[in-house]
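Asker: Structure of the sequence below:
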Amino acid sequence: MEPEPTPPEQPSSSVVALDGTQIRVLAHPLRARLLIALRSHGPATATRLAQALDTNTGATSYHLRQLADAGLVVEEPDRGSGRQRWWRAAHQFSSWRRSNFDGDPDALAAADWLHRHAVRLHADLTERWIIEQHEYPVEWRDAATFSDVLLRLTPAELRQLNDELHAVVDRYRHAVPAVEAADLPEPGDGTEQVLLYLHSFPVRTRIPLAGGVDEHGERS
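Answerer: Predicted structure coming up:
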């Protein structure tokens, strides 16, 4: 899930610009987790998702149907057999601009909830990396990084900066697992899933930076 700002244009099959109905449907703890799971790990049944997310099949089935009604997941009738219903994400990424929902209080509240949910998820996964990083080879530990940078920009400059950063990220879009893939790359091919965060916003108070130097010893 990608909160605002909207990333550069991608093929229609890979990114969805959420409308008011979709963002209200997605602003739900289990539905958000279901969509993330399908996008990260490929198609699955309600039973498999219930096991992975530590919930029950009735709940996953109901909320998958809600996501399907909003066009965020689709059923794969040719996969599986019998009464098994397989689902996959309809898109790899979501995007939205909060200003698109001006005049729709429910959609605005949903956008705020999704943004907070994403930030909490980012923080949780960063904490997990700090705990688990010693289990990775030194090449991965040296390649990973974090930094914070304090700039003074106009809105136009901030937009240009974000566009340039997204253009760099876009060069690596080929490495995003397809939502149709049922399995992640096999171990041993030298790849890992890599999570990249981009946050940029104005702040009018004193800012406690992480330390001024990132893990590579570069000024931040």
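Asker: which of the residues in stretch 124-134 are buried?
Answerer: For stretch 124-134, a neighbour-count test (16 or more other Cβ atoms under 10 Å) marks nothing as buried. Yep, even glycine has a C-beta here, placed from its N, CA and C like the rest.
Asker: Looking at that stretch now, give me its mean pLDDT.
Answerer: Confidence over stretch 124-134 (mean pLDDT, whole number) is 95.
Asker: how close does residue 199 sit to residue 149?
Answerer: Distance from residue 199 to residue 149, counting by Cβ to Cβ, to the nearest Å: 11 Å.
Asker: swap in residue 142?
Answerer: The value you get for residue 142 to residue 149, if Cβ to Cβ is used, is 20 Å.
Asker: same question, residue 169
Answerer: 17 Å.
Asker: Please enumerate the strands of this protein.
Answerer: For the chain, the strands defined by DSSP state E cover 15-17, 44-45, 73-75, 86-89, 93-95.
Asker: Same list (the ones you listed) but as TSV, adding distance to residue 206 and mean neighbour count.
Answerer: TSV is the format used below for those (distance: least, Cβ to Cβ, whole Å; neighbours: other Cβ atoms under 10 Å):
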stretch	distance to residue 206	mean neighbour count
strand 15-17	36	18
strand 44-45	46	21
strand 73-75	43	19
strand 86-89	41	22
strand 93-95	31	20
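Asker: I'd like those strands laid out as TSV, including mean pLDDT and distance to residue 165.
Answerer: Below are the strands of the chain laid out as TSV (pLDDT from 0 to 100; distance: least, Cβ to Cβ, whole Å):
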stretch	mean pLDDT	distance to residue 165
strand 15-17	91	16
strand 44-45	94	32
strand 73-75	95	29
strand 86-89	94	24
strand 93-95	90	15
